[in-house]
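1. The following block contains a protein sequence and its predicted model.
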There are 2 protein chains.
Amino acid sequence: MRDGLQSIGSIMPTGAKKDWIAAEAAAGVPEIEVGSFVPARLLPQLADTAELVAFARTLPGLHVAALVPNLKGARAAIESGVDKMSLPFSVSETHSLANLNRTHAQMFNEVAAIVAAVNDTPADARPRFEVGLSTAFGCTLEGAIDEDDVVRIAEKVVRLGADEVGLSDTTGYGNPAQVRRLTSRIHAALGRERLTGIHLHNTRGQGLANVMAALEAGLTTIDSSLGGIGGCPFAPGASGNIVTEDLVFLLESMGLHTGIDIDRLLAVREQVQAALPGESLYGFLPNAGVPKGFTYARARRGHAVT
Amino acid sequence: MRDGLQSIGSIMPTGAKKDWIAAEAAAGVPEIEVGSFVPARLLPQLADTAELVAFARTLPGLHVAALVPNLKGARAAIESGVDKMSLPFSVSETHSLANLNRTHAQMFNEVAAIVAAVNDTPADARPRFEVGLSTAFGCTLEGAIDEDDVVRIAEKVVRLGADEVGLSDTTGYGNPAQVRRLTSRIHAALGRERLTGIHLHNTRGQGLANVMAALEAGLTTIDSSLGGIGGCPFAPGASGNIVTEDLVFLLESMGLHTGIDIDRLLAVREQVQAALPGESLYGFLPNAGVPKGFTYARARRGHAVT
């Protein structure tokens, strides 16, 4: 939700967001990033994040995540009782300065301060703290990003106490060879448990090809956005999120059990479209439907997954 | 061109088609299926196929392909001097009867007759004869297709003398696990040289994910359509071709040298759009552009392809 709703003009009413969270969790989506603890004046679309976290925590089995831009946001996130919080850290220092007005040195200080805030929290109330390595696959300002820099920053934030890092293709520049290389380098440097997730964009149509590489490299948390919301790939600068519906179909058709019911997911899509009447939703599966005779991975136990 | 132009209402003038072939060959595309030897009353869009083959043969280095629906079409294709001809053979017999009014037994007879026609041709004028295994990944009428049937038909047509088979996801039902399984089974049964190509559709957004599996399985000829022409995935029954521009970007960004110049390809797109003013073109890369600092695979020799 977070990357979708922050990128569109419409402000979705809190009630509609709760309905979305509840319906998507009921469809089987295991983790939802419900919002971002940023000042409401910057992103009024996400001003109700604390209330959404509180609501989402009441849903059994749902892993509740939120983005935090800094220590202040992290404190609010911890207070809200979120399961996981992600701090975006731009590997491109030019991008970090342009977007967050922070140097890498300042960002490392922020990471250390957030780790201290987590450690000051009672153990049973501590969220998992992930640092998302933004622009890891390239930067619209700097161009190519040195993979050594990605690995170096990953090592340093984990040394500072972050629980894990995530790879983020902020710019839609990523390719499958890069996904494999960066994942295997970080796994080799830090251990596989320190990198389990990836945030890919479909800006250049490469989203699911990159997912294939991510799966093969052993990543298990793949971000996507229902209806690709917030991601019109035809608008300059738009993120082009991977469409959840297409991703779930990919995984289930390959024999990878997701626990997500596609029919219920498509019903959530209708519900969200009704709550965002002016916004475009994307994706191929919703128009084409599942193939005749489609079965879920779990129902095909006899069939070898290769 | 063939799968694009046969699926749209517009009839492109022969001169514009020649300009397209020449420009795309000059951009580095190594093989073009220029048309189909079907009766003009069935597909008036492709009535000039023989003239296009004759023109395309004058372009140095271009591999010229055409589709043939039957022996009569194959004779015309041989006469035209095409380098490769493909006969679609529906693994779903229901689909074969519905679309071509032919049983599998009749299709095997057609294959044998075409092989005889090829063998009656002087050795230096024989085209390569491929049988395309249509509906190999599923059928809109039958649903799931037994993979044993795909392998059995592949074995039989090669035994009858076809040079090779191709896998064709006619319905956009395919998934990467299927691509891997079918490719490796046919390679094991017939040898890798008997299956080198695949025709995938993007109907459910899985096109490039399936390409990833095809590359890993060792396939080297990946069909696609400039601008995804003929493939509006939002129209019922439309094929949803893989977009050449997005495919070339995938391959080059991964470090796989294609010999295709993306800027020139995008210029061909403009030229083709101008010649087909009423038709929609698709794809992500043409809108987003290549990443800042993008380099071609050949220019990155020092960089390991993983």
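-> Happy to help now that I have it.

2. Endpoints of stretch A:129-140, how far apart?
-> Using Cα to Cα, to the nearest Å, the end-to-end distance of stretch A:129-140 comes to 27 Å.

3. do it and chain B meet at all?
-> Yes. Using Cβ under 8 Å from any Cβ of the partner chain, stretch A:129-140 comes into contact with chain B via A:Gly138, A:Cys139, A:Thr140. The way it works is simple: take the backbone N, C-alpha and C, and place the C-beta from them, glycine included.

4. Could you export these as a markdown table, including neighbour count, pLDDT and secondary structure?
-> Listed next are the residues of stretch A:129-140 next to chain B as a markdown table, based on neighbours: other Cβ atoms under 10 Å in any protein chain shown; pLDDT from 0 to 100; DSSP: H, G, I helix; E, B strand; the rest coil:
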| residue | neighbour count | pLDDT | secondary structure |
| --- | --- | --- | --- |
| A:Gly138 | 24 | 96 | coil |
| A:Cys139 | 25 | 94 | strand |
| A:Thr140 | 18 | 92 | coil |
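
5. Would you tell me which one of those comes nearest to chain B?
-> A:Gly138 (5.1 Å; Cβ to the nearest Cβ).

6. where's the closest one relative to A:Ser224, distance?
-> According to Cβ to Cβ, to the nearest Å, A:Gly138 stands 20 Å off from A:Ser224.

7. Angles on the backbone of the residue in the stretch 101-250 of chain A that chain B sits nearest to, please.
-> Proximity of the stretch 101-250 of chain A to chain B (Cβ to the nearest Cβ) peaks at A:Gly143, 2.8 Å away. Phi and psi for A:Gly143, reported as degrees, to the nearest 10, are phi 80, psi -140.

8. Number of residues surrounding A:Ala26?
-> Neighbour count for A:Ala26, taken as other Cβ atoms under 10 Å in any protein chain shown: 14.

9. Quick one: residues contacting it.
-> A:Arg264 (Cβ atoms under 8 Å, 6 or more residues apart in numbering or on different chains).

10. 10 Å - rerun?
-> By Cβ atoms under 10 Å, 6 or more residues apart in numbering or on different chains, the residues touching A:Ala26 are A:Leu59, A:Leu62, A:Asp261, A:Arg264, A:Ala267, A:Val268.

11. Kindly report the same for A:Glu130.
-> A:65, A:67-68, A:84-88, A:157, A:162-166, A:194-197, A:221.

12. and A:Val64, that one's in a strand?
-> Yes. Under DSSP: H, G, I helix; E, B strand; the rest coil, A:Val64 sits within a strand.

13. one step back: per-residue confidence at the residue of the stretch 101-250 of chain A closest to chain B?
-> A:Gly143 carries a pLDDT score of 95 in this model.

14. Then A:Ala304?
-> pLDDT at A:Ala304 comes out at 47.

15. coming back round to it: and the contacts of A:Ala26, which of them are in helices?
-> Among these, the ones falling in helices (DSSP state H) are A:Arg264, A:Ala267, A:Val268.

16. Give me the most central residue, chain A.
-> Taking Cα atoms, centre = their mean as the criterion, A:Asp223 is the residue nearest the geometric centre of chain A, at 4.0 Å.

17. Now do the same contact list for that one.
-> For A:Asp223, the contacting residues are A:2-3, A:31, A:33, A:65, A:86, A:132, A:166, A:168-169, A:197-201, A:241-242, A:244, A:247, by Cβ under 10 Å, 6+ apart.

18. Do I have it right that A:Leu285 meets A:Leu266?
-> Yes. Here A:Leu285 reaches A:Leu266: they are 8.2 Å apart, a contact under Cβ atoms under 10 Å.

19. Compare those two (neighbour count), which wins?
-> Neighbours per residue, other Cβ under 10 Å: of A:Leu285 and A:Leu266, the larger number sits with A:Leu285, 26 against 20.

20. how near is that one to chain B?
-> Applying Cβ to the nearest Cβ, to the nearest Å, the value for A:Leu285 to chain B is 5 Å.
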